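A.B. asks: Generate a structure from the sequence data that follows.
(one chain, ligands or ions: 2)
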Amino acid sequence: VTKPIRVSDDLALPIDAATQTFAFIARKGAGKTYAAGKLVEELLAAGVQVVILDTVGNWYGLRLASDGRATGFDVPVIGGLRGDIPLEATGGHLIADIVVDSGRSLIVDVSQFSLSDRKRFATAFGEQLWKRKKGESRPTPLHVVIEESQLIVPQMAKGDDARMHRR
Ligand SMILES: Nc1ncnc2c1ncn2[C@@H]1O[C@H](COP(=O)(O)OP(=O)(O)OP(=O)(O)O)[C@@H](O)[C@H]1O
Ligand SMILES: [Mg+2]
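C.D. replies: Numbers count the residues shown, from 1 in each chain. Ligands and ions are numbered 1, 2, ... in the order given. Purely as a prediction, here's the structure:
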(Lines give C-alpha, C1' and ligand atoms only; values in the text may rest on other atoms or scores of the structure.)
(Ligands and ions follow the chains in the order given, each with its own letter.)
Protein backbone atom coordinates (compact mmCIF):
# COMPACT_ATOMS: atom_id res chain seq x y z
CA VAL A 1 0.00 0.00 0.00
CA THR A 2 1.46 3.33 -1.04
CA LYS A 3 0.67 6.74 0.34
CA PRO A 4 -1.81 8.70 -1.81
CA ILE A 5 -0.67 11.55 -4.04
CA ARG A 6 -2.04 14.57 -2.20
CA VAL A 7 -2.52 17.37 -4.76
CA SER A 8 -4.50 19.56 -2.35
CA ASP A 9 -6.41 19.32 0.94
CA ASP A 10 -9.44 18.03 -0.91
CA LEU A 11 -7.82 16.08 -3.75
CA ALA A 12 -5.86 12.89 -3.15
CA LEU A 13 -5.08 10.46 -5.97
CA PRO A 14 -3.85 6.87 -5.83
CA ILE A 15 -0.20 6.31 -6.80
CA ASP A 16 -1.54 4.99 -10.16
CA ALA A 17 -1.81 8.67 -11.03
CA ALA A 18 1.84 8.35 -12.07
CA THR A 19 0.83 6.52 -15.24
CA GLN A 20 -2.42 8.38 -15.91
CA THR A 21 -2.87 11.30 -18.27
CA PHE A 22 -4.05 14.64 -16.92
CA ALA A 23 -4.88 17.98 -18.45
CA PHE A 24 -4.98 21.14 -16.35
CA ILE A 25 -7.43 23.35 -18.19
CA ALA A 26 -8.54 26.71 -16.80
CA ARG A 27 -8.50 30.39 -17.63
CA LYS A 28 -5.34 32.47 -17.51
CA GLY A 29 -3.75 32.71 -14.08
CA ALA A 30 -6.18 30.22 -12.53
CA GLY A 31 -3.42 28.01 -11.11
CA LYS A 32 -2.80 25.35 -13.78
CA THR A 33 0.97 25.45 -13.45
CA TYR A 34 0.74 25.62 -9.67
CA ALA A 35 -1.54 22.57 -9.52
CA ALA A 36 0.68 20.63 -11.93
CA GLY A 37 3.66 21.59 -9.78
CA LYS A 38 1.95 20.16 -6.72
CA LEU A 39 1.27 16.92 -8.57
CA VAL A 40 4.90 16.74 -9.68
CA GLU A 41 6.22 17.39 -6.16
CA GLU A 42 4.09 14.57 -4.83
CA LEU A 43 5.17 12.20 -7.61
CA LEU A 44 8.84 13.03 -7.02
CA ALA A 45 8.38 12.51 -3.29
CA ALA A 46 6.88 9.09 -4.09
CA GLY A 47 9.96 8.22 -6.15
CA VAL A 48 8.29 8.43 -9.57
CA GLN A 49 10.44 9.55 -12.50
CA VAL A 50 9.10 12.85 -13.86
CA VAL A 51 10.27 14.73 -16.94
CA ILE A 52 9.06 18.26 -17.53
CA LEU A 53 9.11 19.81 -20.95
CA ASP A 54 9.22 23.41 -19.81
CA THR A 55 8.14 25.86 -22.50
CA VAL A 56 7.98 28.74 -20.02
CA GLY A 57 11.27 28.48 -18.10
CA ASN A 58 9.77 28.42 -14.58
CA TRP A 59 10.09 24.81 -13.52
CA TYR A 60 13.61 25.19 -12.10
CA GLY A 61 11.59 26.33 -9.07
CA LEU A 62 11.16 22.67 -8.13
CA ARG A 63 14.75 22.80 -6.93
CA LEU A 64 14.08 25.65 -4.55
CA ALA A 65 12.99 25.18 -0.97
CA SER A 66 9.29 25.84 -0.45
CA ASP A 67 6.60 25.43 2.20
CA GLY A 68 8.97 24.49 4.99
CA ARG A 69 10.97 21.95 3.02
CA ALA A 70 14.67 22.09 3.86
CA THR A 71 15.58 21.91 0.18
CA GLY A 72 13.78 21.51 -3.09
CA PHE A 73 14.09 18.46 -5.30
CA ASP A 74 17.39 17.38 -6.80
CA VAL A 75 16.30 17.65 -10.43
CA PRO A 76 18.81 18.69 -13.10
CA VAL A 77 17.72 21.41 -15.51
CA ILE A 78 18.82 21.07 -19.13
CA GLY A 79 18.55 24.18 -21.28
CA GLY A 80 16.93 27.54 -20.59
CA LEU A 81 18.42 30.53 -18.81
CA ARG A 82 19.19 28.60 -15.60
CA GLY A 83 20.12 25.21 -17.02
CA ASP A 84 23.01 23.12 -15.68
CA ILE A 85 23.95 22.32 -19.26
CA PRO A 86 22.76 23.85 -22.53
CA LEU A 87 20.23 22.22 -24.82
CA GLU A 88 20.28 22.04 -28.61
CA ALA A 89 17.07 22.12 -30.63
CA THR A 90 18.33 19.01 -32.44
CA GLY A 91 18.73 17.13 -29.14
CA GLY A 92 15.23 15.66 -28.71
CA HIS A 93 16.24 12.12 -29.60
CA LEU A 94 19.32 12.26 -27.37
CA ILE A 95 17.44 13.64 -24.38
CA ALA A 96 14.82 10.89 -24.70
CA ASP A 97 17.64 8.33 -24.57
CA ILE A 98 19.09 10.03 -21.49
CA VAL A 99 15.69 9.96 -19.79
CA VAL A 100 15.33 6.23 -20.36
CA ASP A 101 18.97 5.26 -19.75
CA SER A 102 19.42 7.34 -16.59
CA GLY A 103 15.96 6.83 -15.10
CA ARG A 104 16.36 10.31 -13.59
CA SER A 105 13.83 13.05 -13.26
CA LEU A 106 14.71 16.04 -15.44
CA ILE A 107 13.56 19.50 -16.36
CA VAL A 108 14.04 20.06 -20.07
CA ASP A 109 13.76 23.80 -20.62
CA VAL A 110 12.89 24.67 -24.22
CA SER A 111 11.76 28.20 -23.34
CA GLN A 112 14.58 29.85 -25.28
CA PHE A 113 13.79 28.02 -28.52
CA SER A 114 11.71 29.47 -31.34
CA LEU A 115 8.27 27.91 -31.73
CA SER A 116 9.43 25.81 -34.66
CA ASP A 117 12.48 24.61 -32.72
CA ARG A 118 10.25 23.67 -29.76
CA LYS A 119 8.10 21.61 -32.08
CA ARG A 120 11.13 20.05 -33.69
CA PHE A 121 12.62 19.18 -30.29
CA ALA A 122 9.34 17.89 -28.85
CA THR A 123 8.58 15.72 -31.89
CA ALA A 124 11.98 14.00 -31.85
CA PHE A 125 11.84 13.69 -28.06
CA GLY A 126 8.32 12.28 -28.06
CA GLU A 127 8.93 9.80 -30.86
CA GLN A 128 12.13 8.44 -29.36
CA LEU A 129 10.69 8.32 -25.85
CA TRP A 130 7.67 6.40 -27.09
CA LYS A 131 9.90 3.95 -28.95
CA ARG A 132 12.25 3.39 -26.02
CA LYS A 133 9.50 3.01 -23.41
CA LYS A 134 7.58 0.60 -25.64
CA GLY A 135 10.72 -1.49 -26.03
CA GLU A 136 11.33 -1.85 -22.27
CA SER A 137 10.96 -5.42 -21.10
CA ARG A 138 10.09 -4.23 -17.58
CA PRO A 139 8.60 -0.79 -18.09
CA THR A 140 9.07 1.67 -15.24
CA PRO A 141 6.58 4.48 -14.68
CA LEU A 142 7.47 7.81 -16.24
CA HIS A 143 5.34 10.91 -15.89
CA VAL A 144 5.87 13.53 -18.59
CA VAL A 145 4.63 17.07 -18.03
CA ILE A 146 4.22 19.43 -20.98
CA GLU A 147 3.90 23.07 -19.87
CA GLU A 148 1.68 25.15 -22.20
CA SER A 149 1.16 22.02 -24.27
CA GLN A 150 -1.06 23.87 -26.74
CA LEU A 151 2.14 25.42 -28.10
CA ILE A 152 3.53 22.02 -29.04
CA VAL A 153 0.83 19.40 -29.17
CA PRO A 154 -1.91 19.69 -31.84
CA GLN A 155 -5.16 20.48 -30.01
CA MET A 156 -7.65 19.96 -32.79
CA ALA A 157 -9.82 16.88 -32.92
CA LYS A 158 -10.98 15.41 -36.21
CA GLY A 159 -13.56 17.74 -37.74
CA ASP A 160 -12.66 20.78 -35.59
CA ASP A 161 -10.88 22.43 -38.46
CA ALA A 162 -13.94 22.31 -40.72
CA ARG A 163 -16.18 23.56 -37.89
CA MET A 164 -13.87 26.47 -37.16
CA HIS A 165 -13.85 27.57 -40.78
CA ARG A 166 -17.65 27.57 -40.91
CA ARG A 167 -17.88 30.07 -38.02
N1 LIG B 1 -3.53 26.98 -4.73
C2 LIG B 1 -2.75 28.06 -4.74
N3 LIG B 1 -2.28 28.59 -3.61
C4 LIG B 1 -1.54 29.71 -3.61
N5 LIG B 1 -1.13 30.35 -4.71
C6 LIG B 1 -1.56 29.87 -5.87
C7 LIG B 1 -2.38 28.71 -5.97
N8 LIG B 1 -2.63 28.45 -7.27
C9 LIG B 1 -1.99 29.41 -7.95
N10 LIG B 1 -1.34 30.27 -7.13
C11 LIG B 1 -0.60 31.45 -7.55
O12 LIG B 1 -1.39 32.16 -8.50
C13 LIG B 1 -0.59 32.63 -9.59
C14 LIG B 1 -1.07 32.04 -10.91
O15 LIG B 1 -0.94 30.62 -10.86
P16 LIG B 1 -0.37 29.79 -12.09
O17 LIG B 1 0.83 30.41 -12.66
O18 LIG B 1 -0.27 28.38 -11.63
O19 LIG B 1 -1.61 29.93 -13.11
P20 LIG B 1 -1.73 29.39 -14.60
O21 LIG B 1 -3.15 28.95 -14.75
O22 LIG B 1 -0.67 28.41 -14.89
O23 LIG B 1 -1.49 30.75 -15.39
P24 LIG B 1 -1.17 30.96 -16.98
O25 LIG B 1 -2.47 30.85 -17.67
O26 LIG B 1 -0.60 32.34 -17.02
O27 LIG B 1 -0.20 29.88 -17.35
C28 LIG B 1 0.84 32.22 -9.26
O29 LIG B 1 1.50 33.30 -8.64
C30 LIG B 1 0.66 31.07 -8.28
O31 LIG B 1 1.77 30.94 -7.41
MG1 LIG C 1 0.78 28.38 -16.36
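A.B. asks: So the residue nearest the centre of the chain versus Lys134, what's the distance?
C.D. replies: Using Cα atoms, centre = their mean, the residue of the chain that lies closest to the mean C-alpha position is Val145, 1.9 Å off. Taking Cβ to Cβ, to the nearest Å as the measure, Val145 and Lys134 are separated by 20 Å. The way it works is simple: take the backbone N, C-alpha and C, and place the C-beta from them, glycine included.
A.B. asks: One more: Val100?
C.D. replies: On the measure of Cβ to Cβ, Val100 and Lys134 end up 11 Å apart.
A.B. asks: What's the end-to-end length of stretch 73-89?
C.D. replies: From the first residue to the last, stretch 73-89 extends over 26 Å; the measure is Cα to Cα, to the nearest Å.
A.B. asks: i'd like the first residue to be 37 from this point on
C.D. replies: Sure, I'll start counting at 37 from here, so that last one is stretch 109-125.
A.B. asks: residues of it that come out buried?
C.D. replies: Along stretch 109-125, the positions that meet the burial threshold by neighbour count (16 or more other Cβ atoms under 10 Å) are 109, 111-116, 119, 123, 125.
A.B. asks: Dump those into a markdown table; add pLDDT, secondary structure and distance to ligand 1 as well.
C.D. replies: As requested, the buried residues of stretch 109-125 are arranged in a markdown table below (pLDDT from 0 to 100; DSSP: H, G, I helix; E, B strand; the rest coil; distance: Cβ to the nearest ligand atom, whole Å):
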| residue | pLDDT | secondary structure | distance to ligand 1 |
| --- | --- | --- | --- |
| Phe109 | 92 | coil | 17 |
| Val111 | 95 | coil | 18 |
| Pro112 | 95 | coil | 23 |
| Val113 | 96 | strand | 18 |
| Ile114 | 97 | strand | 22 |
| Gly115 | 98 | coil | 19 |
| Gly116 | 97 | coil | 17 |
| Gly119 | 94 | coil | 21 |
| Leu123 | 97 | coil | 22 |
| Ala125 | 97 | coil | 23 |
